[in-house]
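K.L.:
next come a sequence and a model predicted from it.
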Amino acid sequence: MGPTDPPGKDDPPTLPYPSRQGADTLDGGATPGPSRTRSGDILTEDPTTVSGVYAFGEILGRGGMGEVLLAHDRRIGRDVALKRMRRSQPTEDESARFLREARIQARLEHPAIVPVYELSRDPVGRPYFTMKRLSGVTLAEMLAKQLATKQRLLRAFAEVCRAVDYAHSKGVVHRDLKPANITLGEFGEVYVLDWGVARVVEDGGGPSGRLHMADIDTLEGAAPVGDTFGTPGYMAPEQLQNPEVSRAADVYALGSMLFEILTGDPLHPRGQQAAIASTLDGAVVLAPAQRRPDRGVGPELDALCVAMLAKNPAMRPTARLCADRIEQFLDGDRDVARRKSMAVDLVWAARTALEHGQRGEAMRSASRALALDPEAEGAAELITTLMLQPPEQAPPELAAWIKKAENDGVSRHARSAIPGYIAIAAFLPLMIYSGVLRWTPIIGVVGFALLLAFCAWQLVRRPERTFVEMVLYACANAAMLVMLSRLAGPFTFVPALTVYITFTVMTYPAFLQRPVALAIIMGGGFMTPILLEVAGVLPRTWEVADGVGLLSRSGAIEVDKQSSAIIVVVASLVTILMAARQSAVLARANRNNQHRLVAQAWHLAQLLPRVAPRTTG
């Protein structure tokens, strides 16, 4: 019985798989054996799944119009994939489109395009065709599960480009290229699947190379005009607006696949509406190296991918050129002149980016130029300038890094100030022992010292403060100075302590930008008690005696004991020690930063090529 002959009433019953004798006999004649399992495929004896030529097994895939089943060809004894229509009574248009896919695929004889064995109709008139049965994993699964190296995926992608170029040479545009339609076999095979929405264009790849395929449209019907074919996220922008696209639409889809191979992420977001909006948005990042700088994308592949995704179809390369570029990259056969030309382009791109304040992009372009051509003119100079000369207007990412470094400095300086405030508060027992005249200045000094130690601790925990908060912190320091001036007069250790506190607080970024504000606050803290005493508001703690000099007395503790002199001496000594310690901390930090910059410059010099100076004449 032939593939299109209806079964007769006297035909013997057929089973899903023949016996071994029947499988080895080309002309049949063997008695069918019992049903059994082959290669893990369990078949049934349901009469609806058995024909005279094919024994049907499991469903391998199912779409909107057709389904693919595992089938066993009884005549030859091999497993095949049989695609048939799902509806028992398809319309003429549906049948025509189904047969059109089979005819296109059958006439594209290429190792990466699944061969079609037979095209016919079943006993009830439904069309079907059989193909080589594939075993393997789709590119989509490989990308999702990271089942292969980038090199293997790129070699497979080059073969896909070759297959698409072959189809283009025959005047066929696939229109639905995507990772799910690419299968990679376990023995290195690569197949481009699903030619159901392919379009036959008028122009071919040459009179000798193009197959005559006019009958595909005239005899079997063309794809309905106005329908949208393809998968959003891989469709070219022009394909979203008009399905009558050229070969460049396939190149865009290939570029989307290459982008996903290089970055591990899809070019456009998943989901139909989001993918369409992103495809039509001209602001989407098309450069894999820019999207994922951590992946180490080669500049040749990066430039190729950007060209394949060009919005203007005329600017995209051919599928053959894409395959050539991928293979040249994998084989290491990179033309020196091409590398130098790309390096020159990247240097100009770096300079343009720098002129527009895009220092990060300028650094990336210059470093790529240097990688392509160590002697690229201007690349090393640009990198050196970018590394060693800070920008006038820092980009947001750099500004965030600078802000973090400033906050670390604030925490470090605030931590070193805490012991000084505690040392001031520690004088309380000595002052009580000396004898208290007025408790208000003593309590004020100790209270402000402890309050400022707590504020410094808060700065260590959360260094990012507003200018107003830092002004309040400086005013608290000035108030403590006012109280200290009442202990031994404003002309003993208070001036030195005022200088020390001003020196310390000035290191905070808020006052580095407004140093006059801190100078006014601290100067006011020193001058306020002097002016109040001159005005008679506060009792005098100092006076100029003729023939004696400047006399200073305490307004808070008794000075007729030896402990008073000890307090003055110890307070002055502690002020000197605190100033020395803080100066050492700041000097050490500055030295370390300077050494770090010198080390960075030295390492940069080792990285950059040592090009001999150019001579003229």
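P.N.:
The structure has been received and is ready for your questions. Since this is a predicted model, take the numbers as computed values, not measurements. Numbering: from 1, shown residues only.
K.L.:
so Glu300 touches Ala343, yeah?
P.N.:
No: look at Glu300 against Ala343 with Cβ atoms under 8 Å: they stay out of range, at 11.4 Å. Every residue, glycine included, has its C-beta placed from N, CA and C.
K.L.:
okay, the two: which has more neighbours?
P.N.:
Of the pair Glu300 and Ala343, Ala343 is the one with more neighbours under other Cβ atoms under 10 Å, namely 25 against 18.
K.L.:
residues in contact with the strand or helix carrying the more buried one?
P.N.:
Ala343 belongs to helix 336-355 when assigned by DSSP states H and E. With Cβ atoms under 8 Å, 6 or more residues apart in numbering as the test, helix 336-355 has contacts from 299-300, 303, 359, 361-363, 365-366, 368-370, 372-373, 376-379, 382, 386.
K.L.:
which SSE is Glu327 in?
P.N.:
Using DSSP H and E, Glu327 sits in helix 319-331.
K.L.:
now that helix - C-alpha only, PDB.
P.N.:
The C-alpha trace of helix 319-331 is given here as PDB (Å, rounded to 0.1, in the frame of the first residue of the first chain):
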ATOM      1  CA  ALA A 319      24.600  36.700   6.500                       C
ATOM      2  CA  ARG A 320      27.700  35.500   4.700                       C
ATOM      3  CA  LEU A 321      29.800  38.400   5.900                       C
ATOM      4  CA  CYS A 322      28.500  37.700   9.500                       C
ATOM      5  CA  ALA A 323      29.600  34.100   9.200                       C
ATOM      6  CA  ASP A 324      33.000  35.100   7.900                       C
ATOM      7  CA  ARG A 325      33.600  37.600  10.700                       C
ATOM      8  CA  ILE A 326      32.600  35.000  13.400                       C
ATOM      9  CA  GLU A 327      34.900  32.400  11.800                       C
ATOM     10  CA  GLN A 328      37.800  34.900  11.500                       C
ATOM     11  CA  PHE A 329      37.400  35.700  15.200                       C
ATOM     12  CA  LEU A 330      37.300  32.100  16.300                       C
ATOM     13  CA  ASP A 331      40.300  31.100  14.100                       C
END
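K.L.:
which other helices and strands contact that helix?
P.N.:
With contacts taken as 3 or more Cβ pairs under 8 Å, 6 or more residues apart in numbering; DSSP states H and E, helix 319-331 sits against helix 150-169, helix 247-263, helix 299-308.
K.L.:
and the helix or strand that the second one is followed by, which residues are buried?
P.N.:
Later in the chain than helix 247-263, the nearest helix or strand by DSSP H and E is helix 272-280. In terms of neighbour count (16 or more other Cβ atoms under 10 Å), helix 272-280 has its buried residues at Ala275, Ile276, Ser278, Thr279.
K.L.:
what about helix 272-280, average pLDDT?
P.N.:
Average pLDDT, helix 272-280: 90.
K.L.:
what is the orientation angle of that helix with helix 247-263?
P.N.:
Orientation of helix 272-280 against helix 247-263 (axes from the mean of the first three to the mean of the last three Cα atoms, to 10 degrees) gives an angle of 100 degrees.
K.L.:
each with direction, which strands does the helix or strand harbouring Val544 pair with?
P.N.:
Using DSSP H and E, Val544 sits in strand 542-545. With DSSP bridges as the test, strand 542-545 is paired with strand 549-552 (antiparallel).
K.L.:
just checking, Arg175 is part of a strand?
P.N.:
No: assessed with DSSP: H, G, I helix; E, B strand; the rest coil, Arg175 is coil; it does not lie in a strand.
K.L.:
show me the contacts for it.
P.N.:
Applying Cβ under 8 Å, 6+ apart, we find Arg175 in contact with Val197, Ala198, Arg199, Phe229, Gly230, Gln239, Pro243, Val245, Ala249, Asp250.
K.L.:
what of Leu304?
P.N.:
Leu258, Pro317, Cys322, Arg325, Ile326.
K.L.:
tell me if I'm right that the fourth one and Glu300 touch.
P.N.:
It stands for Arg325. Yes: counting by Cβ under 8 Å, Arg325 touches Glu300, with 6.7 Å between them.
K.L.:
next one: Val460 relative to Ala417, how far apart?
P.N.:
To Ala417, Val460 is 9 Å away according to Cβ to Cβ, to the nearest Å.
K.L.:
can you report how many residues neighbour His110?
P.N.:
When neighbours are counted by other Cβ under 10 Å, His110 registers 18.
K.L.:
that one and His168, how far apart?
P.N.:
Using Cβ to Cβ, we find His110 at a distance of 11 Å from His168.
K.L.:
what do you get for Pro123?
P.N.:
Using Cβ to Cβ, Pro123 is found at 38 Å from His168.
K.L.:
more crowded one of those two?
P.N.:
A count of neighbours by other Cβ under 10 Å puts His168 above the other of Pro123 and His168, at 23 against 13.
K.L.:
so what's the nearest residue to that one once chain neighbours are set aside up against?
P.N.:
The shortest distance from His168 to any non-neighbouring residue, by Cβ to Cβ, 6 or more residues apart in numbering, is to Arg247 (4.5 Å). Residues in contact with Arg247 (Cβ under 8 Å, 6+ apart) are His168, Val173, Val201, Thr318, Ala319.
K.L.:
the nearest residue to the third one once chain neighbours are set aside: neighbour count?
P.N.:
Excluding its sequence neighbours, the residue lying closest to Val201 (Cβ to Cβ, 6+ apart) is Gly171, at 5.1 Å. The tally of other residues near Gly171 (other Cβ under 10 Å) stands at 21.
K.L.:
confidence score at the closest residue in space to Val251 that isn't next to it in sequence?
P.N.:
Nearest non-adjacent residue to Val251, counting by Cβ to Cβ, 6+ apart: Arg316, 4.5 Å away. Arg316 is assigned 95 on the pLDDT scale.
K.L.:
how far away is Arg316 from Ile261?
P.N.:
According to Cβ to Cβ, Arg316 and Ile261 sit 18 Å apart.
K.L.:
then Ala253?
P.N.:
From Ala253 across to Ile261, the span is 13 Å (Cβ to Cβ).
K.L.:
how about Val445?
P.N.:
70 Å.
K.L.:
repeat for Val471
P.N.:
For Val471 relative to Ile261 (Cβ to Cβ), the value is 56 Å.
K.L.:
more neighbours, these two?
P.N.:
More crowded of Val471 and Ile261, by other Cβ under 10 Å: Ile261, with 22 against 17.
K.L.:
which ones are touching that one?
P.N.:
Ile261 is in contact with Leu143, Lys150, Leu153, Leu154, Phe157, counting by Cβ under 8 Å, 6+ apart.
K.L.:
and the fourth one, how far from Ser416?
P.N.:
Separation of Leu154 from Ser416 (Cβ to Cβ): 55 Å.
K.L.:
next one: the residue nearest to Val201 from Pro288, what distance?
P.N.:
For Gly171, the distance to Pro288 (Cβ to Cβ) stands at 31 Å.
K.L.:
now do Ala376
P.N.:
Distance, Ala376 to Pro288, using Cβ to Cβ: 22 Å.
K.L.:
thinking again about what came up before, out of the contacts of Arg247, who's nearest Leu134?
P.N.:
Ala319 (21.9 Å; Cβ to Cβ).
K.L.:
counting neighbours, what do you get for the closest one?
P.N.:
By other Cβ under 10 Å, neighbour count at Ala319 equals 25.
K.L.:
contacts for stretch 475-494?
P.N.:
For stretch 475-494, the external contacting residues (Cβ under 8 Å, 6+ apart) are 424, 431, 438, 441-442, 444-445, 448-449, 451-452, 455, 497-498, 501, 505, 521-522, 524-526, 528-530, 538, 541-542, 550, 552-557, 564, 567-568, 571-572, 575.
K.L.:
if you could redo that for stretch 265-282, that was the one I meant.
P.N.:
232-233, 235-237, 240, 255-256, 259-260, 284, 286, 291-292, 309, 311.
K.L.:
so among those residues, where is pLDDT lowest?
P.N.:
Lowest pLDDT among those: Val284, 83.
K.L.:
quick one: the strands in the protein?
P.N.:
54-62, 66-73, 78-85, 116-121, 127-132, 136-138, 172-173, 182-185, 190-192, 199-200, 542-545, 549-552 (DSSP state E).
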